[in-house]
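Asker: I would like the atomic coordinates for the input below:
(2 chains)
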Amino acid sequence: MATLLEANGVSKRFGGLVAVDTLDYTLETQSINSIIGPNGAGKTTFFNVVTGFYKPTTGAVVFDGGEISGMRPNRLTHIGIARTFQTIRLFNNLTAVENVLIGMHHRLKAGWFGSILKPKWVREEEAQARAEAVALLDYVGLKGYEEVFAKGLPYGLQRRLEIARALGTQPKLLLLDEPTAGMNPNETQDMVVFIRRLRDERGLTILLIEHDMQVVMNISDKVTVLDYGQKIAEGLPIEIQRNERVIEAYLGRRALEVLKHVG
Amino acid sequence: MQSFVNVWSRTPLRARWLIFAFLVVVLPLGTYPIERATNFGLLTQINRALIFVVLALGLNIVVGFAGLLDLGYAAFFAIGAYAFGILTWPPHGIELTFLLAIWLCAGVASIFGIIVGSPTLRLRGDYLAIVTLAFGEIIPTAARNLRGITNGSQGMVPLGKPNWGVIEAVFRLEPGRLAVGVDPNFWYYVIVLLVVLVLFASLRLDKSRLGRAWKAIREDETAADFMGVDPIRTKLLAFSIGASFSGLAGAVFASMLGFISPDQFRFQTSIFLLIIVVLSGLGSVWGVLLGGLILSLFDGLFLAQILPELLPDVDIQSLRWIFFGVGLIVIMIFRPQGLFPRREAVRAAEADKLPLDLQATAVKGGD
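Answerer: Numbering: from 1, shown residues only, chains lettered A, B, ... in the order given. Okay, the predicted model is just below:
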C-alpha cells in the first residue's frame, strides 16, 4: 500500500512544555488509523500540526509526496486534508446545506465580480454545487434537513453534518477528533459503520482520535498510542491491547503488577 | 390598514416593483409642496439620508456580513470625498469630469481598504476595532495637515459638478454647470441611481459564494480556515468592497455639497453609521436601506429642524446622542436582532427558542 502521510521527527513545544516529542508517523492510503492516549498526551496537538494550525517546532510532515509543514490550514484543504473538531464547530447560523457549501468553497470559482453580476456560468456552478451538497447530506443521513440551521440539529446529526462539510472539501485524508464523543451506544455503533463506509466507498484515509476503546479496537487497521507526546506503542488493535507499556500508561505501574498477578 | 396590507400582499411581485419604482421616481413632486410650506429643505435631507444609506450598506458588508467591527468607517468616506476634491478642485489643475472621477474615488478608497486591511485583518475582535478607530482619526487629521494637497482646515471649494448638457436640456434648466449641480431634484436622481447600484451589489453578494464565505468567517473564523476559506483574503475583500461603496458615496457627497473640510468626517459619522447598521439588523440589506433612511431623516429633519422649532428653549443638539444611545439600549434589550432583521435571522432566533427535537420535526414536517 502507498503512503499518504509521513511525519518525520515532528515536535511541537509550547515554551517549556513538549506537547509532541520527535514523533515519526506514517499513514497508509485507504486505511483507518487511531491515535489514543491519556489526556494531555499530545493527540490533538498532533492533529493541529497535520492540519496546519500549528507549525511543527522541529521535523517535517510530508503529504501525498509534498512537504506541508508550515502551510496554512486553508491551503492544506486544497491539497486534500480535512478534519472535524473535538467540540463541534459548525457555522451555527448557516443552514446545513450552506455549511457543506463552505466546505466546497475552494472548488468553486466565482469571485467578487462574478458574485455581483452572476453570469450564466456562476449560476450553473452554484446550482451544481448545491445539488452536490444536497447529495452529500443525503449520504451522511441528513436528507430532509437541508434548510435547517446547524444549531437547530440534534447533537448526533451535528456530528454528521461536520463530516459532510469535511467531505465537501473532497479530501484524501480525513481527520476525526473524537467522532463518537457524547453519543449513546446505538449512535456510536452507527458511527463505526459509517466510518468504515467512508474508507470502503469513498477510498478515504482516516485518522481518528478516540477515547472509546471498543470503537478503537473495532474499527482500526492500526492503533498508535501516545504518552507525554511520545509514541509508546503502535500496531494492530490486538497487539495494543496486550502491550504492557500501554496498560501502564493508562492504569499505572501498580495496576500492571496487579494484572500480572491475576493473569 | 389591514386591507391595504392584504391588497399589497396579493399584488404580483413585478407589479409591486413597478409601483415602488414609480413612487421613487415621482417622490420629488410630493416633497415640493411640503418644502414650500415649511422651508425644511426636505429633498436635500432625503438626498443626505440616501447618501447615508449607501454608506450604511457598505458598512453592512464589513460588519453585518463579515462580522468585522470597523469603528473608523467614515475614513473611507473622507478618502472618497478628498480623492474627488483632489481630482476636481480647480487649483490642482486636474479637473476630471464627474463621471470619471467618482469611479476613481471608489477605486482609491478600496485600495486604502486593502492597505489598512492587510496588516490589521490578521488581528481579531477588539484589536481590529482599536486599529480602525485610530485610522478613523488619522485620516481627518491628515487632511487637516496636508495643506498642499487638501488645503488644510479651510477645505476645498469649489469642487467639480456634473456637467451634463443633455439633462439640462431635458429639465429645461438654465445653461451652465451650477444649475444642474446644485438642484436637489437632479441630485436626488443621481443618488437614487447610486443607491440602486449599491443595493443590487449588496443583494447579489449576500446570496453568493463570497457572501457565504463572509458569514462563515463571522460565525467561526478558525473553522472556516480549516474548511478551505482563506480568512485574510476573504476579509480583505469585505473591507475593500465596503470601502469602495463608501468612496463612491464620498465622491458624490463632495460634488453635491461643492466643498469639503476635515470636520465633515469625524468619529461621530462612523458611530452613526454603526448605529444604523446595528439598529436596522446586522446583515439585513433591506433593513439597512429602510433603517438608514429613517434614522438619517430622524437625525437631519426631526432632531435638527422640527424639534428645535417646537421646543426653542431646549438645546436639542447637545441631546442628540442621547436619543441614539437610549434607542440602541432599548433595541438591544427588546429586539436584539434589530428592527428589520433578515428573514433567516428571524428563523435562527426562533430556532434558539425551540427544543432541538421539536425543531427538527417542525422542519421535517412531523414524521
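Asker: Look up phi and psi at A:Thr95.
Answerer: phi -70, psi 170 (degrees, to the nearest 10).
Asker: Any idea what it is bridged to?
Answerer: A:Phe149 (DSSP bridges).
Asker: Can you verify my assumption that it contacts A:Gly152?
Answerer: No - in this structure, A:Thr95 is not within contact of A:Gly152 by C-beta atoms under 8 Å, at 9.0 Å. Quick note: C-beta positions are derived from backbone N, CA and C, even for glycine.
Asker: Looking at those two, which is more packed in?
Answerer: More crowded of A:Thr95 and A:Gly152, by other C-beta atoms under 10 Å in any protein chain shown: A:Gly152, with 26 against 20.
Asker: Which residues are in contact with the residue nearest to the more buried one when sequence neighbours are not counted?
Answerer: Using C-beta to C-beta, 6 or more residues apart in numbering or on different chains and skipping residues adjacent in sequence, the residue nearest A:Gly152 is B:Ala351, 4.1 Å away. B:Ala351 makes contact with A:Val148, A:Phe149, A:Lys151, A:Gly152, B:Gln359, according to C-beta atoms under 8 Å, 6 or more residues apart in numbering or on different chains.
Asker: buried sites along the helix or strand that contains B:Ala351?
Answerer: Assigned by DSSP states H and E, B:Ala351 falls within helix B:343-353. The neighbour-count check on helix B:343-353 (16 or more other C-beta atoms under 10 Å in any protein chain shown) flags B:Glu344, B:Ala345, B:Arg347, B:Ala348, B:Ala351 as buried.
Asker: quick check: mean pLDDT across that helix?
Answerer: The average of the pLDDT scores along helix B:343-353 is 76.
Asker: Any idea how far it is from the middle of the chain?
Answerer: Distance, stretch centre to chain centre, for helix B:343-353: 26 Å (C-alpha atoms, centre = their mean, to the nearest Å).
Asker: which residues does the residue nearest to B:Ala142 when sequence neighbours are not counted contact?
Answerer: Using C-beta to C-beta, 6+ apart and skipping residues adjacent in sequence, the residue nearest B:Ala142 is B:Thr150, 8.0 Å away. By C-beta under 8 Å, 6+ apart, the contact list for B:Thr150 reads B:Tyr82, B:Gly85, B:Ile86, B:Ala142, B:Ala143, B:Arg144, B:Met156, B:Pro262.
Asker: likewise B:Val330?
Answerer: Counted by C-beta under 8 Å, 6+ apart, B:Val330 has zero contacts.
Asker: Check the secondary structure at it for me.
Answerer: Under DSSP: H, G, I helix; E, B strand; the rest coil, the three-state class of B:Val330 is helix.
Asker: go on, A:Val62?
Answerer: Quick answer, by three-state DSSP: A:Val62 is strand.
Asker: now that we're looking at it, how far away is chain B from it?
Answerer: To chain B, A:Val62 is 20 Å away according to C-beta to the nearest C-beta, to the nearest Å.
Asker: can you count the residues close to B:Ile19?
Answerer: Neighbours of B:Ile19 using other C-beta under 10 Å come to 12.
Asker: List the buried residues for stretch B:95-115?
Answerer: For stretch B:95-115, by 16+ other C-beta under 10 Å, it's B:98, B:101-102, B:104-113.
Asker: which residues touch it?
Answerer: Contacts for stretch B:95-115 (C-beta under 8 Å, 6+ apart): B:75-76, B:79-81, B:83-84, B:87-89, B:160-163, B:236, B:239-248, B:250-252, B:255.
Asker: ok, of the residues you listed, which come out buried?
Answerer: For those, buried by 16+ other C-beta under 10 Å: B:75-76, B:79-81, B:83-84, B:87-89, B:160-162, B:236, B:239-248, B:250-252, B:255.
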